[in-house]
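Novice: take a look and give me a structure for this.
(one chain, ligands or ions: 1)
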Amino acid sequence: MRISFLGLGAIGRPMAARVAKLHQLTVWNRTADRAIAFAGEHGAVAAGTPRAAVSGADVVITCLPTSRDVEGLLDGPDGIEAGLASGTLFLDCTSGDAATTRRMAARLAKRNVSLVDAPVSGGTNGAEAGTLTVMVGGDAATFERAVPVLQAFGKRIVHMGPLGTGDAMKAVNNTLLGVNILALAESLTGLVKAGVHPRVAVETLNASSGRSFVSEALIPDRVLTGAWPRTFRLALLDKDVGICLAQLRDLGLDAPLLERAGELLHQARTALGEDADYLEPIRLQEGRTGTAIRG
Ligand code: NDP
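Specialist: Next comes the predicted model:
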């Protein structure tokens, strides 16, 4: 298949690398140097504009920070909308918002282009390994067409329901991730302050009922070691929690715990900046409490 991949960021790059192994790939990235370097490394073609990238494509995959960024690619002299052929399959792997997804899908449907929201979970390691979970929103026929393409980087590919439900699921998942990070920051610094060795605290937790993905998969490798790799920007996690909270408000539902977590993550983003990693709120809490979860 001829596939175009737009957005070679932290997760887009390894996803596109897996697509390149199976299909004829054209890539585009806002910072052109990154697309050129990627194309050289993975045997893909680097296009100079989004429109050139999608020309002749059977499938277009986008992975940008927000749905609005994807919508922005549709317009303008280099915009992709006019360049998409009738029958193109458009897979938006951005962790996006349902309202913008539905607006884009309605617009593209007039050109006989089928868009689904297909946000992913599993991190940059999961993208490299091809083990991502993909949460797809759209009609059943488009989902069936999307599955073989998404298998390039996805292991569990789930049809969540109609358009926007992939976005909704992803926003909830990441809100729970954020809650876990904040809860572990507060509770582990508390244990260290109380005199428990950080590694003993984490290992005991991970053999007990309070454990989570964050405590099992992230804290040992990234916090106890002091490695703090940058794989997913805190700004993007904050964006995801904002989407989840807006969904709940639209439904008229109160979510005081999640609202508070959203405020705290947003404060951490303001304090740490746009390039900080999503685990760095833990580092902030270490600073506040004069402790370090290391060892
Ligand atoms: P990054 O911030 O690392 O990369 C963003 C990418 O989008 C870059 O290629 C950037 O180009 C491009 N970009 C940013 N703004 C625009 C714009 N207005 N128009 C065109 N291109 C733009 O993000 P990630 O790759 O980490 O995340 C992408 C999406 O995937 C997000 O929705 C995120 O929430 C989600 N996600 C990320 C995961 C992760 O582990 N990183 C895990 C799961 C989901 P340039 O190179 O020029 O900056």
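
Novice: so where do the strands sit in the stretch 1-150 of the chain?
Specialist: 2-6, 24-28, 45-46, 59-62, 89-92, 114-117, 120-121, 132-137 (DSSP state E, counting those that start in this stretch).

Novice: run the chain-centre distance for the fourth one.
Specialist: Same thing as strand 59-62. Relative to the chain's own centre, strand 59-62 is displaced by 15 Å; criterion: Cα atoms, centre = their mean, to the nearest Å.

Novice: contacts for that strand, please.
Specialist: For strand 59-62, the surrounding residues in contact (Cβ atoms under 8 Å, 6 or more residues apart in numbering) are 1-7, 15-16, 19, 54, 70, 73, 80, 84, 88-94, 149. Every residue, glycine included, has its C-beta placed from N, CA and C.

Novice: of the residues you listed, list those near the ligand.
Specialist: By Cβ under 6 Å from any ligand atom, the members of those lying near the ligand are G7, T94.

Novice: which of the contacts of strand 59-62 count as buried?
Specialist: Among the contacts of strand 59-62, those scoring as buried are 3-7, 15-16, 19, 54, 70, 73, 80, 84, 88-94, 149 (criterion: 16 or more other Cβ atoms under 10 Å).

Novice: D75: how many residues sit nearby?
Specialist: Applying other Cβ atoms under 10 Å, we find 11 other residues in the vicinity of D75.

Novice: ok, the nearest residue to it once chain neighbours are set aside to T88 distance?
Specialist: Nearest non-adjacent residue to D75, counting by Cβ to Cβ, 6 or more residues apart in numbering: E81, 7.0 Å away. Separation of E81 from T88 (Cβ to Cβ, to the nearest Å): 11 Å.

Novice: H23 too?
Specialist: Distance of H23 to T88, given as Cβ to Cβ: 14 Å.

Novice: residues in contact with the residue lying closest to G138 once chain neighbours are set aside?
Specialist: Nearest residue to G138 in three dimensions, chain neighbours excluded: V116, at 3.3 Å (Cβ to Cβ, 6+ apart). By Cβ under 8 Å, 6+ apart, the contact set of V116 is F90, L91, D92, A105, V136, G137, G138, T142, F143, A146, L163, G166.

Novice: want to throw the strands of the stretch 1-150 of the chain into JSON lines with mean pLDDT and distance to R230?
Specialist: Output for the strands of the stretch 1-150 of the chain, formatted as JSON lines (pLDDT from 0 to 100; distance: least, Cβ to Cβ, whole Å):
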{"stretch": "strand 2-6", "mean pLDDT": "98", "distance to R230": "22"}
{"stretch": "strand 24-28", "mean pLDDT": "98", "distance to R230": "22"}
{"stretch": "strand 45-46", "mean pLDDT": "98", "distance to R230": "24"}
{"stretch": "strand 59-62", "mean pLDDT": "98", "distance to R230": "22"}
{"stretch": "strand 89-92", "mean pLDDT": "98", "distance to R230": "24"}
{"stretch": "strand 114-117", "mean pLDDT": "98", "distance to R230": "26"}
{"stretch": "strand 120-121", "mean pLDDT": "98", "distance to R230": "18"}
{"stretch": "strand 132-137", "mean pLDDT": "98", "distance to R230": "19"}
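
Novice: now the closest residue to the ligand within the chain. Nearest residue, chain neighbours left out?
Specialist: The nearest approach of the chain to the ligand comes at G9, 1.9 Å away (Cβ to the nearest ligand atom). Nearest non-adjacent residue to G9, counting by Cβ to Cβ, 6+ apart: C63, 6.7 Å away.

Novice: my read: that neighbour touches T94, true?
Specialist: Yes. Under the criterion of Cβ atoms under 8 Å, C63 makes contact with T94 at 5.8 Å.

Novice: shared neighbours of these two, which are they?
Specialist: Here C63 and T94 have G7 as joint contacts, going by Cβ under 8 Å, 6+ apart.

Novice: what residues does the protein have near the ligand?
Specialist: Going by Cβ under 6 Å from any ligand atom, the residues of the chain near the ligand are 7-12, 29-31, 34, 63-65, 69, 72, 94-95, 120-121, 123-124, 231-233, 236.

Novice: so who does the residue nearest the centre of the chain touch?
Specialist: The centre of the chain sits closest to S95, judged by Cα atoms, centre = their mean, with a distance of 4.9 Å. Going by Cβ under 8 Å, 6+ apart, S95 touches P119, V120, D167, K170, A171, N174, L236, K239, D240, I243.
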